[in-house]
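In: Quick one: sequence plus predicted model below, questions after.
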Amino acid sequence: MNIHLIAIGGSAMHNLALALHEQGHTVSGSDDEIFEPSRSRLAAAGILPESIGWQSERIHSGLDLVVVGMHARKENPELKRAMELGLKVLSYPEYLYESSKNKTRVVITGSHGKTTITSMILHVLNFHDRDCDYMVGAQLDGFKTMVRLTDHNEFMVIEGDEYLSSPLDPRPKFVHYRPNIALLSGIAWDHYNVFPQYEDYRKQFELLFDYIEPGGQIIYNEEDPEVKAVVEESQNEVKKFPYQTPAYHVAEQKFVLETQEGDLPLNIFGAHNMNNLEGARWVCSQMGITDEEFYEAIIEFQGASKRMEPLLEKNGIQVFRDFAHAPSKVKASVQACEETYADKKVLAILELHTFSSLNIEFMQQYAKSMDPAEQAVVYFNPHVLERKKLPPLSSTAVKAAFANQNLKVIMESGELQSYLKAEHGNFDIILLMSSGNFDGLEWDEVFD
């Protein structure tokens, strides 16, 4: 097939492009910006767009399919041209369903934990040489691309996002996957720009039950009261399996899982990851993996990219990088560091980068989330506020929102670099949390 991807540079979209290319399709694409590692990976495959930007001339009657990513807009000239020509246009999740409609689809959903849980499942399957199709939003060791599509595998494991499906479809991505097995890890308000009321956000997860295949099942975290309520309120006849955080303890700065197979020291830490692990175990059991096989594999799981990922260690100081940006994720990550390194001083630094996190009304959700750290720092670039057409923020307003008067607020990357150079020696653990990149700070230089 001759397939064109609009917004090919995204994390998920460029992986789809690579997977389609490997299948032998002729792949083209476009985007108004393409960052690393997408740029290098597309270039290595020979499918990096020759120029940046949208060009309607790229769309022609010889295309068999156009896949549109969420980064595009309704008025995108390429999308408009495709519609005018009557070409087949699918959103990213619609295409994944088309490619997996004859498989058993395992869909991992929730406001937090879904990338880690999906990664755990794939790690376990890969460890035991159980092939499956998949789509996950983070890079894993041992996996060339994070989208795999075949004609022969029985299962497809999909990270199911609650965000909008495409510029033409406001429904959450996960409804398109029509899961046979679904997991719901947690519900905590996010994406304030799309769901300005919590009730609107919650309804996205209520929709999930309308799209689980007949005879399907939902595996859910019953420790989350919102998850428990949504599941219990649903009248759909699906099998419901609750899970809870398993027994564990912390020894010598390692989380140790307590199982019938004995104590298992893990390479991941945090109570939230113990909960994620239990969800992954439940899913794996439905895919034919025994508990013994699961535990044998999970002790080697190092974590997903940028999820509590060790970044560097210098002069006895450990620096971790985490994708945490939503309030529930920030709280869980800070608590994980404090629980693991109870006798050490933790410096927690959060970059406000998303529309939700930079909105002063939504920011109240972060109250007390960074309190367990010895020192908490919030960084944001005022230019990002301008680009997102949000009003300016003051340090006073941010401190009030976080309900932490000891919070340090920094609004300039040079100041953040100077602060870290001067102060990092006073801490043992430094946690960097962001869905961005702290305006490109070079951490090796910062912590030199």
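Out: Perfect, thanks for sending it. In this text, all values refer to a predicted model and were calculated from it rather than measured experimentally.

In: Against residue 48, how distant is residue 121?
Out: Per CB to CB, to the nearest Å, residue 121 is found 31 Å from residue 48. Backbone N, C-alpha and C define where each C-beta goes, glycine included.

In: Looking at the two, which one has more neighbours?
Out: Higher neighbour count among residue 121 and residue 48: residue 121, with 28 against 20, using other CB atoms under 10 Å.

In: quick one: average confidence on the helix or strand containing that one?
Out: Taking DSSP states H and E as the definition, residue 121 sits inside helix 114-127. Across helix 114-127, the average pLDDT comes to 94.

In: list the helices and strands it packs on?
Out: Applying 3 or more CB pairs under 8 Å, 6 or more residues apart in numbering; DSSP states H and E, we find helix 114-127 packed against strand 104-109, strand 155-159, helix 271-286, helix 291-298.

In: mind listing the strands for the stretch 201-350 of the chain?
Out: Here the stretch 201-350 of the chain has its strands, by DSSP state E, counting those that start in this stretch, at 217-221, 239-243, 248-251, 254-259, 262-265, 309-314, 317-322, 346-351.

In: and of the helices and strands packed on helix 114-127, who's closest to residue 409?
Out: In terms of CB to CB, the element of the helices and strands packed on helix 114-127 nearest to residue 409 is helix 271-286, at 26.0 Å.

In: Can you lay out the strands of the stretch 201-350 of the chain as a markdown table showing distance to residue 365, mean neighbour count and mean pLDDT?
Out: Shown next, in a markdown table, are the strands of the stretch 201-350 of the chain (distance: least, CB to CB, whole Å; neighbours: other CB atoms under 10 Å; pLDDT from 0 to 100):
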| stretch | distance to residue 365 | mean neighbour count | mean pLDDT |
| --- | --- | --- | --- |
| strand 217-221 | 19 | 24 | 98 |
| strand 239-243 | 25 | 16 | 97 |
| strand 248-251 | 28 | 14 | 94 |
| strand 254-259 | 27 | 17 | 94 |
| strand 262-265 | 34 | 12 | 93 |
| strand 309-314 | 24 | 14 | 88 |
| strand 317-322 | 18 | 22 | 92 |
| strand 346-351 | 13 | 25 | 96 |
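
In: Out of those, which gets nearest to residue 96?
Out: Closest to residue 96 of these, according to CB to CB: strand 217-221, at 19.7 Å.

In: Run the angle between that closest one and strand 104-109 for me.
Out: 30 degrees (axes from the mean of the first three to the mean of the last three CA atoms, to 10 degrees).

In: From the centre of this protein, give me the residue that's furthest out.
Out: In the chain, residue 61 marks the outermost C-alpha relative to the chain mean, sitting 35.6 Å out by CA atoms, centre = their mean.

In: And that one, how close does it get to residue 179?
Out: Using CB to CB, residue 61 is found at 35 Å from residue 179.

In: Look up how far residue 446 lies from residue 414.
Out: 11 Å.

In: more neighbours, the two?
Out: Using other CB under 10 Å as the criterion, residue 414 and residue 446 rank with residue 446 on top: 19 against 10.

In: That one touches residue 420, doesn't it?
Out: Yes: the pair residue 446 / residue 420 is scored as a contact, 5.0 Å apart, by CB atoms under 8 Å.

In: Domain boundaries for the chain, per the record?
Out: Taking automatic domain parsing as the reference, the chain has its domains at 2-87, 95-298, 309-446.

In: residues contacting residue 81?
Out: Applying CB atoms under 8 Å, 6 or more residues apart in numbering to residue 81 gives the contacts 56, 59.

In: Tell me the bridge partners for residue 318.
Out: Per DSSP bridges, the residues bridged to residue 318 are residue 313, residue 429.

In: Ignore what I typed, I meant residue 2.
Out: With DSSP bridges as the rule, residue 2 is bridged to residue 26.

In: wait, isn't it in contact with residue 66?
Out: No: using CB under 8 Å, residue 2 makes no contact with residue 66, being 10.0 Å away.

In: before we move on, back to that, got the contact list for the helix holding residue 121?
Out: Contacts with helix 114-127, where a contact means CB under 8 Å, 6+ apart, come from 106, 108, 110, 131-132, 134, 136-138, 140, 142-143, 157-161, 183, 185, 273, 276-277, 279-280, 283-284, 287, 289, 293-294, 296-298, 300-301, 303-304, 307, 323.

In: From the residues you listed, keep the buried residues only.
Out: Buried residues within the contacts of helix 114-127, defined by neighbour count using 16 or more other CB atoms under 10 Å: 106, 108, 110, 132, 134, 136-138, 140, 143, 157-161, 183, 185, 273, 276-277, 279-280, 283-284, 287, 289, 293-294, 296-298, 301, 303-304, 307, 323.

In: residues near residue 389, how many?
Out: Neighbourhood size, residue 389 [other CB under 10 Å]: 7.

In: and if you look at the one 3 residues further on?
Out: In terms of burial, residue 392 registers 10 neighbours under the definition other CB under 10 Å.

In: Can you give me the pLDDT of it?
Out: Each residue has a pLDDT score; the one for residue 392 is 93.

In: again, but for residue 85
Out: As predicted, residue 85 sits at a pLDDT of 97.

In: Please report phi then psi for it.
Out: Per-residue torsions, residue 85: phi -80, psi -10 (degrees, to the nearest 10).
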